[in-house]
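Enquirer: quick one: sequence plus predicted model below, questions after.
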Amino acid sequence: MTMSSTNPLLQTAELPLFDQIKPEHVNAAVDQLLSAASDALEKVTQEAFPAEWQAIAKVLDVCTERLSSAWGAVSHLNSVADSPELRAAYNDALPKVTEFWTRLGSDERLYAKYKAVNSAQLDKAQQQALKNALRNFVLGGAELQGENKQRYAAIQERMAELSQKFSENALDATDRFSLFVTEAELAGVPEDVKNTARAAAEKEGQSGYKLTLKMPCYLPVMQFAASSELRQKLYQAYVTRSSDQADAQFAELDNGKLIQEILQLRQEEAKLLGYQNFAEVSVATKMADSPAKVIAFLRDLSMRARPFAEKDLQDMRQFAAEHLNLQNPQAWDWPYIGEKLKEARYSFSEQEVKQYFTAPKVLQGLFKIIETLFEVSIRPDTAPVWHPAVGFYRIERNGQLVGQFYLDPPARAGKRGGAWMDDVRSRWLRPDTGLLQTPVAHLVCNFAEGVDGNPPLLTHDDVITLFHEFGHGLHHMLTQVNERDVSGISGVEWDAVELPSQFMENFCWEWPVIKHMTAHVKTEQSLPKALFDKMVAAKNFQSGLQTLRQIEFALLDMLLHSEHNPHDDFMPVLHKVRAEVAVIQPPEFNRMAHTFSHIFAGGYAAGYYSYKWAEVLSADAYEAFEETAQPDGSPNLETGRRYRQAILEAGGSRPALDSFIAFRGREPSINALLKHQGMSAS
């Protein structure tokens, strides 16, 4: 029996066989797929092979897609079901996979073949894909020669290794920490959070309550625990993860040296490619013109937000002194003060709201708005999954399959933090079979699990996160582009890719949407309109502070990759950015950069500003819905159709600015964002 008949990573199933993939399958499959992909590369780069888009795709792209799909399944499992055995297999295969993609992206023979393709014979989507491919060859080192080319390849391999190690350290530092406390120490903490903590302690045969640094535990303790001493312990553990400031038992998880080496290698890569710094390399594939433009955009937004942030801070200081007997609040006190002030000012708490957002009802409401607005239907489907909590669904229009997605909501050990959307496969009119392949997506969150037989309860922030990731998913799944490299999110400029995700967040503030997605966990009654009105009144609570926090992250990212000398210590850059931007100065021991996975392990290097940049686009796009809303506030379906066609269906088949103008009839303006966040001058 051949390996391919028993190895689930080598079977040509429609969907990955997640329930069968084991660590021992990884390297055997990767070696076989790499060999086939290398053979395909050799074949299409022969002189006699025609310089034709479809001919190359039929041989090379079909082969590399098989490799991508298998490696994508392994990478996904590494993120959501980490184990020592899988981690070892993944790390063993990673250099081989990295070497192949680097070699492919810098192959001068393949570059020459693509340059020889007659673009006049291609359709618009293929022309855009070809244009992107030629640019990516240059950025991938295809014009480098000799030693420089070898060095470029070595840098890619080492950076893949460092990013993976950074990610592992951050996950392990989060997973390994625990604090066992008594009920008295948890005074003020919501019951459902306490129940989860008690269940976690019982599972380990311990008495009391087990606290962790996973977000569904950490955040509510910081917001609600009356004990400043407890908040301090958790805060200090959280902000020193993977750093030289962490507890000695976690010393081997320090990411400091990794960050230094990653920054040095990125700078070296930029110089090899003829750029001044890595920020210039990064913006070459984005909407922004230059790093200087991005830095100016961030500083302008910082200046506009600062007066609002200062007022936010002044309000908290005053409230803390008058009502909480906190005369000199510390870093770990601010989330608690903020929550108490919000409760006092708007007469509701996150905890009260959370009782109405049960996970099944929220999903039902989310699906309803998507089905209505984008003229599709969403139905449960079946597929092999990696955990019993994972759901699988299909999206149809007029009975035709449009796309499918996996949904993995709960936080658990071995699953990295945060929330994300990833593609499993893209829409593609396949050159080998002539059949249309429909897109499939992963939607991953980290919500608290249900306890005592109750469904999971989501905070309103969790609901917003779910809508956000679904926006990415819709961008990927509703595309009507048949060319794989520019269908869905593929080929979309990185600083525009957040537009559809942030756009979807707006619906979490619309009563016609919200009323369909709430049911109290005990009474099953919908969220009262009076409580919703309080939430809306509180919507822009501390938006000045939140804006400055995002700008702090984005500016740190841009300065580390542009003005900073990577051979120097990077911490002074963080201090400098905080001195310029932040109105609340964190303690000296705070090491936020050491777990800044977005830029050191997640593809956002010199691109974190994209969140703010895309917020401008999404707020402006959403204003079109506000301008055309129905009398009862529900969205206009014709506007939904125009948005779907101009933005979601077009994918990366044209520049993002062109898609925006096709929808809005003009270029974007920052005014809608400032208005949406309560920071406009008017």
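Expert: Received it, and whenever you're ready, just let me know what you need.

Enquirer: what's whatever helix or strand Tyr393 lives in packed up against?
Expert: Using DSSP states H and E, Tyr393 falls within strand 391-397. On a contact count with 3 or more Cβ pairs under 8 Å, 6 or more residues apart in numbering; DSSP states H and E, strand 391-397 meets strand 377-380, strand 400-410. All C-beta spots, glycine's among them, are computed from the backbone N, C-alpha and C.

Enquirer: chain center to the longest one: distance?
Expert: Read that as strand 400-410. Centre-to-centre, strand 400-410 and its host chain are 17 Å apart (Cα atoms, centre = their mean, to the nearest Å).

Enquirer: and that strand, what's its mean pLDDT?
Expert: The average pLDDT within strand 400-410 is 97.

Enquirer: next one: stretch 299-309
Expert: Across stretch 299-309, pLDDT averages out at 96.

Enquirer: next: stretch 135-152.
Expert: 96.

Enquirer: any idea how far apart the tips of it sit?
Expert: Stretch 135-152 has an end-to-end distance of 17 Å (criterion: Cα to Cα, to the nearest Å).

Enquirer: nearest residue to the most centrally placed residue in the chain other than its sequence neighbours?
Expert: By Cα atoms, centre = their mean, the chain has its centre lying nearest to Trp420, at 4.1 Å. Among residues not flanking Trp420 along the chain, Val444 sits closest, at 5.3 Å (Cβ to Cβ, 6 or more residues apart in numbering).

Enquirer: dump the helix or strand hosting that neighbour to CSV, restricted to CA.
Expert: Per DSSP H and E: Val444 is located in strand 440-447. Output of strand 440-447 as CSV, limited to C-alpha atoms (Å, rounded to 0.1, in the frame of the first residue of the first chain):
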residue,chain,number,x,y,z
VAL,A,440,-13.6,27.5,2.3
ALA,A,441,-12.6,29.5,5.4
HIS,A,442,-11.6,29.0,9.1
LEU,A,443,-13.2,31.4,11.6
VAL,A,444,-11.5,31.1,15.0
CYS,A,445,-12.3,32.9,18.3
ASN,A,446,-11.4,32.4,22.0
PHE,A,447,-14.6,32.7,23.9
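
Enquirer: where do the strands sit along the protein?
Expert: Using DSSP state E, the strands of the chain run over residues 179-181, 209-211, 377-380, 391-397, 400-410, 420-425, 428-429, 436-437, 440-447.

Enquirer: make TSV from those and add distance to Ala579 to it.
Expert: Formatted as TSV, the strands of the chain follow (distance: least, Cβ to Cβ, whole Å):
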stretch	distance to Ala579
strand 179-181	32
strand 209-211	33
strand 377-380	48
strand 391-397	46
strand 400-410	39
strand 420-425	32
strand 428-429	49
strand 436-437	51
strand 440-447	32
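
Enquirer: out of those, nearest to Ala57?
Expert: Closest to Ala57 of those, according to Cβ to Cβ: strand 428-429, at 9.1 Å.

Enquirer: circling back: alpha carbons of the strand holding Tyr393, as PDB, please.
Expert: Provided in PDB are the C-alpha atoms of strand 391-397 (Å, rounded to 0.1, in the frame of the first residue of the first chain):
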ATOM      1  CA  GLY A 391     -19.000  23.700  13.600                       C
ATOM      2  CA  PHE A 392     -19.100  23.500   9.800                       C
ATOM      3  CA  TYR A 393     -21.500  25.400   7.600                       C
ATOM      4  CA  ARG A 394     -22.300  26.100   3.900                       C
ATOM      5  CA  ILE A 395     -23.300  29.300   2.300                       C
ATOM      6  CA  GLU A 396     -25.700  29.100  -0.700                       C
ATOM      7  CA  ARG A 397     -27.400  31.500  -3.100                       C
END
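
Enquirer: check which helices and strands the lengthiest helix in the chain is in contact with.
Expert: What stands out as the longest helix in the chain, according to DSSP state H, is helix 291-323. Under the contact criterion of 3+ Cβ pairs under 8 Å, 6+ apart, helix 291-323 touches helix 278-283, helix 334-346, helix 543-560, helix 610-627.

Enquirer: buried ones in that helix?
Expert: Buried positions in helix 291-323, judged by neighbour count with 16 or more other Cβ atoms under 10 Å: 291, 294-295, 297-298, 301-302, 304-306, 308-309, 312-313, 315-317, 319-320.
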